[in-house]
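In: What follows is a predicted protein model with its sequence.
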Amino acid sequence: MANTTWAIDASHSEIQFKVKHLVITTVTGSFNEFSGSVTAEEGFENANISFEANVASINTNSEQRDGHLKSADFFDAEQFPTLSFTSTTFSKNADDEFSLTGDLTIKGTTLPVSLSVKYGGTATDPWGNVKAGFELTGKINRKDFGLTWNAITETGGALVSEEVKLVANVQLVKQG
């Protein structure tokens, strides 16, 4: 069966991360500029997936925090302007559930990451574009990627957790 190429429809997709702050609340951030593609047979099994985000497009609803995240303390956007992901395996677990493994590169460090994927279905929009929806979830340790800055609170706790939850709601549009 022939492969089909799909592109991320950025206007209908969100790439987010969630981090505990002061261990009592969660701060959500996103990347506003990203792109990606998927090459797959019908049913998406064994798909090849690539993704890239512009680090300078980070948005946590705090200009000061965003500036700190772009600095060398965290992403070092000037030296490492993008983060990327390339799949190594995409396997079906159930009708609408997949496992995705691939190489995530942040700040010049590439490590394997595993994500859970929920397939939302395929539909044709009013303009004849075939779309497919997916929700991806997983977690990483930010320190593994060189994002090591932290501060200690007066009670001895960490200001920012090491664990980062990844959440992406992605709508793909069939190409050609």
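Out: Looks like it arrived, so ask away.
In: Let me see the residues that make contact with stretch 132-140.
Out: The contact list for stretch 132-140 (CB atoms under 8 Å, 6 or more residues apart in numbering) reads 6, 44, 100, 104, 111, 113-123, 163-172, 174. All C-beta spots, glycine's among them, are computed from the backbone N, C-alpha and C.
In: which residues touch stretch 41-55?
Out: 1-4, 8, 15, 31-40, 70, 75, 77, 80-87, 89-92, 98, 100, 102, 119, 132.
In: Distance from the chain centre to it, please.
Out: 12 Å (CA atoms, centre = their mean, to the nearest Å).
In: same thing with stretch 168-175?
Out: The answer for stretch 168-175 is 13 Å, by CA atoms, centre = their mean.
In: what mean pLDDT does that stretch have?
Out: Mean pLDDT, computed over stretch 168-175, is 96.
In: Stretch 86-101: which residues count as buried?
Out: S87, F90, K92, F98, L100 (16 or more other CB atoms under 10 Å).
In: can you tell me which of those are in strands?
Out: When DSSP state E defines the strands, the subset of these inside them is S87, F90, K92, F98, L100.
In: In those, find the pair that's most separated.
Out: Maximum pairwise distance among those (CB to CB): 13.7 Å, between S87 and K92.
In: Would you mind pulling the contact partners of stretch 71-90?
Out: Under CB under 8 Å, 6+ apart, the answer for stretch 71-90 is 31, 36, 40, 44-56, 58, 68-70, 98-108, 112-113, 117, 147, 149.
In: which of those residues are buried?
Out: 31, 36, 40, 44, 47-49, 51-53, 55-56, 58, 69-70, 98, 100, 102, 104-107, 113, 117, 147.
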